[in-house]
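1. got a structure for you, letters missing:
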């Protein structure tokens, strides 16, 4: 987004906007970074951005450039704006500095400012005259100025000053047009010999001497003298080109012009279209502001330090401001459209912008000034800015009309349905045939009967399975959490089925239908103990190997698992909750849901078939939500009053589980962190849960700390989002011992299952090793017997070695020994089956544990 130059007259300070930021350039002397007094001038730039929260401009960064000062030289800022760098094609902010010396030579320095706040010396030249307001910096950068009646130009490519044809008496605009390159728009010089006539009278001389034309710098030729500005408008002082096109080798331009008569005129192809009489005198610049939704405004600046906004639609003054220091146009708020930033006098007395107004002349309005409720001033502001309310009112009228038309369609449809339903009902009562056409019958609602492929009704589905169902469900409740409806069913301890086989379903009870349609929801199981669990003793660091401590911890985990696998006692709370989106249900204004508890049957379980238990109904309406009847209430100074609120939080909050291990130090710091740093309050009914009351984003977070050993524990965090979770972990790391480490678990039982799997695999290896050792033992015993037999026969063989029959006898003995070897290498079938059964049993146990880990 291109930026506009600030309307500031201070030689030591200029403002500029660039990509939604305000750049403040200052030439100053003084102490910087406590380095003592500075002898050379310093150019400082401050980047400031708008904070919508505090409604102020805050400093983002700062950059410094030290200038080389010669004797008796004086620096001042000439101009600043944004142009494109020909090397990259990127728009960059620039600033031009002027250095005056004792001699008549004046040096000018052009600096580029990069995103890293580094200044780059891009162009430097010396002239014998001051450029003043005639200087213009174009893309490249290319510097153009006019002295007397001659135009001069210097480019960053060549670095040499070149004079341009003295075609113009004055230049009022310079820029780029399509493929024509850099183009100048100015007033062409005339002499009496051109027309071959006498000099006109003085009243007509100004008009006669004015002729606007375009001049191309690259081709050095006049492009067009028509379709620009008529000669009668001789008092044009400033031009803003809006659009250009070439038709029949003629350039046609749409532009805005400021005149000496304090008028803003719109010209299209040389013809004036609209005129606005400006509220102030001596206009000097005009900028375009696009605030979206076809709301275009022209922001006009005046040399009298005033400014105004002109609406493009009707060319009327929409707003005006007095005692203005600078006017900047950019997207400061980040909405994708432009806003105008009006900086008033003395707005830079401190490090921040103290007096400003930021608006898009519509819904966005920020101001540093406090509101003044003086009725006279308020009436004057309304009269001055009456055009500001027109665009929002037009939008509201369009939306209102569309809404009314939609309501009318709905009312007509309802009347038609009621009329047709009444007619059909009367026909049924009077035993007359229903002659309703098929097209009209499509809009009728069935009074009774079943639809095809409908969900089975509650009576059809659940009529045979509910004797004694009231003994399994203790109570139901429901709460609203953000955009979720949470329904909880408290199950009695007499339920023999596992809670993993229990689900809660919600069925929509529609008044006009006999079927119950299911509502999509998610289930969650909650188990909480109502007794306080004794915390492990905080013992000091024990001398011994780390493997020994791990082994002891592993056996303690086995014991804990064996206890947890027992049926829940009466001192525990068992809940099954269902969560569904609330927004679709609110479309009915008032709705009713039937809560059904479903128990999945198992062949070897207590319930061989699926069971359905109707628990009750949930009624909710918009009036209930507005009154806050079922919303979760978390008092800051009092403990949680309703345990249903706690259960709803446990259902909707994000659950994260971490294993914390400290090899060298006991984990005392976790409890200290929960109670002191996080301001946690232990819930009296459920001591294993802690409710965080630390102000800010932490408030409402739930924690559960289970310390398995002095060196290891499981921390469960229930947080609103991942950001809060990361903040909690970052805060906890600061207080933990140095060598502590975290491991993210998907469940608090994951670590136990991993350890249990390791033990099972170890037992499997031991069983396989025992089988191998038994076979090795059998083979070694046989080989030992063979050696003894060979020693007993060796003497006999030696004595009869000369006999051929003895050799034949030895061969028979060898064959017999081979048969005995094959016989004794075999194991009995019973013994083999016993070993294989043990191996398979161990493998099956390992596979079951591995399957549980994969399902976490």
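-> That came in fine, so what should we check first? All values reported here derive from a predicted model rather than from experimental measurement.
2. Quick one: distance of whichever helix or strand residue 396 is part of to the chain centre.
-> In this structure, residue 396 is located in helix 390-429 according to DSSP states H and E. Distance, stretch centre to chain centre, for helix 390-429: 39 Å (C-alpha atoms, centre = their mean, to the nearest Å).
3. buried sites along that helix?
-> Within helix 390-429, the residues scored as buried using 16 or more other C-beta atoms under 10 Å are 390, 391, 420, 424. All C-beta atoms are positioned from the backbone trio N, CA, C, and that covers glycine.
4. wait, which of those is closest to residue 47?
-> Nearest to residue 47 out of those is residue 391 (C-beta to C-beta; 32.0 Å).
5. Can you name the next helix or strand after the helix or strand bottoming out on mean pLDDT in the chain?
-> Least confident helix or strand, the chain: helix 458-462 with a mean of 37, by mean pLDDT, DSSP states H and E. Beyond helix 458-462 on the C-terminal side, the first helix or strand identified by DSSP H and E is strand 473-481.
6. which one is the spatially most central residue of the chain nearest to, not counting chain neighbours?
-> For the chain, the residue nearest the mean C-alpha position is residue 723 (11.5 Å; C-alpha atoms, centre = their mean). Distances taken as C-beta to C-beta, 6 or more residues apart in numbering put residue 697 closest to residue 723, at 7.2 Å, once the chain neighbours are dropped.
7. Residue 365 versus residue 48, what's the distance?
-> 19 Å (C-beta to C-beta, to the nearest Å).
8. More neighbours: these two, which one.
-> residue 48 (22 against 12; other C-beta atoms under 10 Å).
9. Residue ranges in the stretch 401-550 of the chain under the pLDDT threshold?
-> Counting by pLDDT under 70, the ranges of the stretch 401-550 of the chain that qualify are 426-470, 510-516, 531-550.
10. you'd agree residue 154 is up against residue 162?
-> Yes. Using C-beta atoms under 8 Å, residue 154 is in contact with residue 162, at 7.1 Å.
11. In terms of packing, which of these two has more residues around it?
-> Ranked by neighbour count (other C-beta under 10 Å), residue 154 and residue 162 place residue 154 first, with 22 against 11.
12. Per-residue pLDDT of that one, please?
-> Residue 154 carries a pLDDT value of 92.
13. tell me the contacts of it?
-> 123, 125, 142, 143, 160, 161, 162 (C-beta atoms under 8 Å, 6 or more residues apart in numbering).
14. Also residue 65?
-> 42, 43, 44, 45, 111, 119.
15. what residues go with each domain of the chain?
-> 1-158, 165-277, 458-522+557-571+579-627, 752-855 (automatic domain parsing).
16. Of these, which shows the lowest average pLDDT?
-> Lowest mean pLDDT of the domains of the chain: domain 752-855, a mean of 63.
17. and residue 333, helix, strand or coil?
-> Counting by DSSP: H, G, I helix; E, B strand; the rest coil, the backbone at residue 333 sits in coil.
18. so the residue nearest to residue 723 makes contact with residue 722?
-> No. Counting by C-beta under 8 Å, residue 697 stays clear of residue 722, with 11.7 Å between them.
19. what's in contact with stretch 717-737?
-> Outside stretch 717-737, the residues touching it (C-beta under 8 Å, 6+ apart) are 649-650, 653-658, 660, 662, 664-665, 667, 669-670, 672-673, 677-678, 697-698, 700-704, 715, 742.
20. I meant to write stretch 246-256 there.
-> Looking at what lies outside stretch 246-256 - C-beta under 8 Å, 6+ apart - the contacts are 173, 177-178, 180, 214, 223-224, 226-229, 239-245, 264-270, 286, 298.
21. which parts of it are buried?
-> 251, 252, 253, 255, 256.
22. Most neighbours among the contacts of residue 154, please name it.
-> Neighbour counts for the contacts of residue 154 peak at residue 143, which has 22 neighbours (criterion: other C-beta under 10 Å).
23. For that residue, give the beta-bridge partners.
-> residue 137, residue 154 (DSSP bridges).
24. Also residue 277?
-> residue 263.
25. Now residue 235. Nearest residue, chain neighbours left out?
-> Counting by C-beta to C-beta, 6+ apart, residue 260 is the residue found nearest to residue 235 once chain neighbours are left out, at 3.6 Å.
26. now residue 694
-> Using C-beta to C-beta, 6+ apart and skipping residues adjacent in sequence, the residue nearest residue 694 is residue 679, 4.4 Å away.
27. What separation do you get for the one you found and residue 670?
-> With C-beta to C-beta as the criterion, residue 679 and residue 670 are 15 Å apart.
28. more crowded one of these two?
-> Comparing residue 679 with residue 670 by other C-beta under 10 Å, the one with more neighbours is residue 670, at 20 against 15.
29. part of a helix, is that one?
-> Yes. Counting by three-state DSSP, residue 670 is part of a helix.
30. got a list of what it touches?
-> 660, 705, 707, 713, 715, 732, 736.
31. Could I get the phi/psi values of the second one?
-> Right, residue 705. Note on residue 705: its backbone torsions stand at phi -110, psi 120 [degrees, to the nearest 10].
32. Residue 660: how many residues sit nearby?
-> 21.
33. returning to that earlier point: and the contacts of stretch 717-737, which are buried?
-> Using 16+ other C-beta under 10 Å as the burial test, these include 649-650, 653, 655-658, 660, 662, 665, 667, 669-670, 673, 677-678, 698, 700-704, 715 as buried.
34. Of the residues you listed, which belong to helices?
-> The helices, defined by DSSP state H, take in 649, 650, 669, 670 from the buried ones among the contacts of stretch 717-737.
35. Correct me if wrong: the second one contacts residue 702.
-> Yes. Using C-beta under 8 Å as the test, residue 650 is close enough to residue 702 to be in contact (6.8 Å).
36. who are the neighbours in contact with the closest residue to residue 667 other than its chain neighbours?
-> Here the nearest residue to residue 667 in space, its sequence neighbours aside, is residue 713; by C-beta to C-beta, 6+ apart that works out to 5.5 Å. Counting by C-beta under 8 Å, 6+ apart, residue 713 touches 659, 660, 667, 670, 705, 706, 707.
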